[in-house]
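Trainee: Would you be able to build a 3D model of this:
(chains A and B)
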Amino acid sequence: MAKIYVSPRSIVVPGDLIAEGDDVEADSVYIERRGKRFYATITGLVSVEQVDDKYKISIIPLEGAYIPKAGDIVIGLVEDIGLTHWEVDISSPYKGILTVQEALEKPFNPVTDSLKRYLDVGDYIVAKVIAFDRARDPLLTIKGKGLGRVTEGSIVEIKPSRVARVIGKKGSMVNMLMQETGCNILVGQNGRILINCPNKDIEEILVLSIKKIEAEAHTTGLTERVREFIRKEREKRGV
Amino acid sequence: MGGTGGEKPVLIRWEEKDGQKLPIRIDGRLPEQLRPIRIEVGVLGNADGSALVEYGATRVLAAVYGPREAHPRHMALPDRAIIRCRYHMAPFSTEERKTPAPTRREVELSKVIREALESVVITEMYPRTSIDVYMEVLQSDGGTRTAAITAASLALADAGIAMRDLVAGVAVGKVDGVLVLDINEIEDNYAEADMPVAMAPSLDKVLLLQLNGVLSHEEFIKALELARKGILEIYRLQKEALRKKYVEVQSSG
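Mentor: Take a look at the predicted model:
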């Protein structure tokens, strides 16, 4: 019989005993098993789920760097240009590599052509991580719908650990933000958010809301509080 | 640490209480009493994680940067992160100005602290990166290495770096034949023995143990047990401080 030592949605810190028993399943890399006991290895919120006769425990980290994962959409900043690739800062300990094959539709000849014509240092790109095995730097692609160079909008940076909260359950938070402000929002998994707003006032409110979500990511009932916040700000500013 | 010039002060006073003789230390503490401890997490904006720890007048600031790309690149390891530690005493931290250049002592302490942290941080999770830990002693009154390691482990946890357990440290000493917990500078200067200990309580492992002076076998066992008691108390305060960072935001939000 499983013993759960923490209450759901409470904060755990490294070394905390979460649960004990054979019918417990750890659903996070931040939980370490020692014998029959499960310990937290990071500061975060625990969730306990009962599936059939098993307890599923997981931790949502509250801090931490962005570790790329294949399939993630990220917003990168071109940092350097090689002969046939770009080096992209994806606000992670690992820098992204964008090869020319993953950027251009046509064959590229480095003798007659320069990569600088397509993407220059300082350009933001919306990219997808195609592979990352930790032994080599993550490979990116900008071929695909919605990917490519960023031509308009603003970038807001938040802690990567707060991204899940900005998106919300099944996108509830980001959908609410778009509905309330009328802006277009694209959340990169690495903590960069691209926003396109109808005007500067609305953009300011949206940035404040995103910063509010970042600061209060571990609290409950956040979606409703942010909705309230946006409505109040709009009223105050008359937009 | 410091010199032992001048007359030796009375470090232990024996006071009569309920027909028993109780040893009272120079700062009024009982032998098994810690100094007042203050812990604050997330005190620096630019660092990924930070903590300030005070054991009485000893005050240490720790900052963690990383995991980040290791520079120089050849230092990076293919299968895990490297941890780099700098324990440093500020020139103004001691009674007489300390030269800011790293001394032999500081180089040694940086190494032993790094080794203690390496056994709790799950470095395999962040291959090819470096985790940099900076510990700055702002004010020194004995027990700085143990306060530094306490602060460093909190800063790592604050940075969201995966670790098996937090680390807490405290120094035990033998003063005038009495084993005392959390030895301060003046006691240390005239002590027969000084033993800094750091442990990971949930793992039940000793990560750092140094001994200056002489303890008998029995005394050593008693001293280690005393250190464990102190460490468990500090460990409790550490966890409380880490949680408090989020609870405060919650109530103000």
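
Trainee: Which residue does the stretch 101-250 of chain B have closest to chain A?
Mentor: Nearest residue of the stretch 101-250 of chain B to chain A, counting by C-beta to the nearest C-beta: B:G160, 2.9 Å away. Using the backbone N, CA and C atoms, a C-beta is placed for each residue, glycine as well.

Trainee: What segments of the stretch 1-150 of chain B are helices?
Mentor: B:104-118, B:144-158 (DSSP state H, counting those that start in this stretch).

Trainee: Which stretch among these is buried most, on average?
Mentor: Of all the helices of the stretch 1-150 of chain B, helix B:144-158 carries the top mean neighbour count, a mean of 30, counting by mean count of other C-beta atoms under 10 Å in any protein chain shown.

Trainee: With chain A in mind, check whether it reaches it.
Mentor: Yes. Interface with chain A: helix B:144-158 contributes B:157-158 (C-beta under 8 Å from any C-beta of the partner chain).

Trainee: correct me, but A:S91 touches A:Y66?
Mentor: Yes. Between A:S91 and A:Y66 there is a contact under C-beta atoms under 8 Å: 6.1 Å.

Trainee: Quickly list what's touching both of those two.
Mentor: Counting by C-beta atoms under 8 Å, 6 or more residues apart in numbering or on different chains, the common neighbours of A:S91 and A:Y66 are A:160, A:190-191.

Trainee: sorry, back to before: would you mind giving the helices of the stretch 1-150 of chain B as a markdown table with mean pLDDT and distance to A:R33 added?
Mentor: Listed next are the helices of the stretch 1-150 of chain B as a markdown table, based on pLDDT from 0 to 100; distance: least, C-beta to C-beta, whole Å:
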| stretch | mean pLDDT | distance to A:R33 |
| --- | --- | --- |
| helix B:104-118 | 98 | 21 |
| helix B:144-158 | 98 | 20 |
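
Trainee: Among those helices, which comes closest to A:E216?
Mentor: Across the helices of the stretch 1-150 of chain B, A:E216 has its closest neighbour in helix B:144-158 (17.4 Å, C-beta to C-beta).

Trainee: Distance from that closest one to the middle of the chain?
Mentor: Distance of helix B:144-158 from the chain centroid (C-alpha atoms, centre = their mean, to the nearest Å) equals 6 Å.

Trainee: Would you mind getting the angle between it and helix B:104-118?
Mentor: 40 degrees (axes from the mean of the first three to the mean of the last three C-alpha atoms, to 10 degrees).

Trainee: Angles on the backbone of A:S58, please.
Mentor: For A:S58, the backbone dihedrals (degrees, to the nearest 10) come out as phi -150, psi 160.

Trainee: Would you check that A:S209 makes contact with A:R225?
Mentor: No. Using C-beta under 8 Å as the test, A:S209 is too far from A:R225 to be in contact (9.9 Å).

Trainee: neighbour count winner among the two?
Mentor: More crowded of A:S209 and A:R225, by other C-beta atoms under 10 Å in any protein chain shown: A:S209, with 22 against 16.

Trainee: Surely the residue of the stretch 101-250 of chain B closest to chain A touches A:T43?
Mentor: Yes. The pair B:G160 / A:T43 is scored as a contact, 6.4 Å apart, by C-beta under 8 Å.

Trainee: Show me the common contact partners of these two, please.
Mentor: A:61-63.

Trainee: out of the residues you listed, which are inside strands?
Mentor: When strands are assigned by DSSP state E, the members of those inside them are A:P61.

Trainee: Mind giving me the ChimeraX command for buried ones among the shared contacts of B:G160 and A:T43?
Mentor: Restricted to buried positions by 16 or more other C-beta atoms under 10 Å in any protein chain shown, the ChimeraX selection for these reads:
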select /A:61,62,63
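
Trainee: Tell me the one among the shared contacts of B:G160 and A:T43 nearest to chain B.
Mentor: For those, the nearest to chain B is A:E63 (2.9 Å; C-beta to the nearest C-beta).

Trainee: Spatially nearest residue to the closest one (excluding sequence neighbours)?
Mentor: B:G160 (2.9 Å; C-beta to C-beta, 6 or more residues apart in numbering or on different chains).

Trainee: On the three-state scheme, the spatially most central residue of chain A is what?
Mentor: Central residue of chain A (C-alpha atoms, centre = their mean): A:Q189, 2.5 Å from the mean position. With DSSP: H, G, I helix; E, B strand; the rest coil as the basis, A:Q189 sits in coil.

Trainee: Over to A:L98?
Mentor: strand.

Trainee: Tell me which residues touch it, please.
Mentor: Counting by C-beta under 8 Å, 6+ apart, A:L98 has contacts A:76, A:78, A:85-88, A:119, A:125, A:127, A:139-142.

Trainee: Apply 6 Å and report the result again.
Mentor: A:86, A:88, A:140 (C-beta atoms under 6 Å, 6 or more residues apart in numbering or on different chains).

Trainee: likewise B:A147?
Mentor: B:A147 neighbours (C-beta under 6 Å, 6+ apart): B:53, B:55, B:58, B:60.

Trainee: Skipping adjacent residues, who's closest to B:R145 in space?
Mentor: B:L109 (5.0 Å).

Trainee: Get me the contact residues on the stretch 101-250 of chain B for chain A.
Mentor: B:127, B:129, B:157, B:160, B:162-163, B:165-166, B:202, B:239, B:242-243, B:246, B:250 (C-beta under 6 Å from any C-beta of the partner chain).

Trainee: And those residues, which is the shakiest by pLDDT?
Mentor: Across those, the bottom pLDDT score, 54, is held by B:Q250.

Trainee: Now, the contacts of B:A147 that are in strands?
Mentor: B:53, B:55, B:58, B:60.
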